[in-house]
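Asker: dropping the sequence and predicted coords here.
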Amino acid sequence: MADTDDALFWGVAEHHIATGKATEGSLMNFPCVRVREEFVSMPEHRHGHLVAKLPAERVAELIGDGVGVPFGPGDKVFKEWVLIAERDEALWTTIFAEAVEFGEANADKKRQSSEGHEVSFTGFSPAGLDLLRTLGTKNKAWLDENRKHYEREVAVCSEGLCCSAGRGAARGCIPDIVASPKTNGSIGPINNDLRFKPDASPYKDHLLFRFWEGASKKTAPTLFIRLSPSDGIGIAKAV
């Protein structure tokens with residue numbers, strides 16, 4: 001018999017549910033928490049561990065630090081899902097709040113899309129460019145403390161640039177171009193893969209965008225755009 005203890009999970013979730021930010025729901029016939037229909041978090045059904053949906057780069061950080069492990073239904077692993085087994089109330093409270101914030105952002109994007117609003121790009125602010133220029137010298141603690149600033153000045157602008165570039169190319173000469181405004185879609189992750197360069201900085205000081213033509217991302221003709229506050233813009237193609 002499974003030793004399920006989800007009391008800590010629901011204790012952490014209680015505040016968000018009580019304030020109306022989140023609601024109880026279900027996913028794959030298991031209880032979960034949602035924000036405006038967006039899945040946010042759930043207690044792992046066998047042992048009650050915390051499962052949360054977060055930005056892919058945040059999930060990669062937590063896994064890399066040994067705080068969480070990959071998670072997904074059945075044999076699948078979702079890049080935006082993480083399981084945290086350590087029963088640390090302070091840690092769970094922090095991660096759950098991040099998941100709620102991520103769920104709200106996703107819900108807002110879907111609402112804007114359904115209302116016919118397009119994500120626009122008006123340029124990176126000087127503060128955003130300065131942040132990106134120095135990000136390669138920062139560590140995880142710094143980014144955790146300045147995450148909202150990073151999301152506002154860099155991440156949101158990156159999504160806007162991705163959408164605007166895709167629309168422009170589609171209206172011009174590449175009608176079947178795919179521009180997916182999310183990490184590991186058309187936007188490269190900001191964190192370096194330290195498995196191959198353990199001495200490298202945890203984060204990149206540039207942005208990498210990838211646009212492709214047709215349904216298959218792996219085999220399609222592809223356009224890469226590298227944006228660096230220090231080195232400018234680089235463009236490459238692959239066929």
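Answerer: That came through, no problem. Numbering: from 1, shown residues only.

Asker: low-confidence bits of this protein, can you list those?
Answerer: Low-confidence segments of the chain (pLDDT under 70): 1-4, 73-74, 110-119, 215.

Asker: remind me, longest helix of it?
Answerer: Across the chain, the longest stretch assigned as helix under DSSP state H is helix 89-114.

Asker: please, where are all the helices along the chain?
Answerer: If DSSP H is used as the criterion, the helices of the chain fall at 7-18, 56-64, 89-114, 126-134, 140-145, 147-150, 156-171.

Asker: now distance to Thr219 and mean neighbour count too, for those, in JSON lines please.
Answerer: (Glycine included, C-beta is placed from N, CA and C.) Compiled in JSON lines, the helices of the chain are given as follows (distance: least, CB to CB, whole Å; neighbours: other CB atoms under 10 Å):
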{"stretch": "helix 7-18", "distance to Thr219": "42", "mean neighbour count": "16"}
{"stretch": "helix 56-64", "distance to Thr219": "22", "mean neighbour count": "19"}
{"stretch": "helix 89-114", "distance to Thr219": "28", "mean neighbour count": "17"}
{"stretch": "helix 126-134", "distance to Thr219": "31", "mean neighbour count": "16"}
{"stretch": "helix 140-145", "distance to Thr219": "34", "mean neighbour count": "13"}
{"stretch": "helix 147-150", "distance to Thr219": "33", "mean neighbour count": "14"}
{"stretch": "helix 156-171", "distance to Thr219": "19", "mean neighbour count": "18"}
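
Asker: name the nearest residue to Ala22, sequence neighbours excluded.
Answerer: Spatially, and ignoring its direct neighbours in sequence, Ala22 is nearest to His16 (4.1 Å; CB to CB, 6 or more residues apart in numbering).
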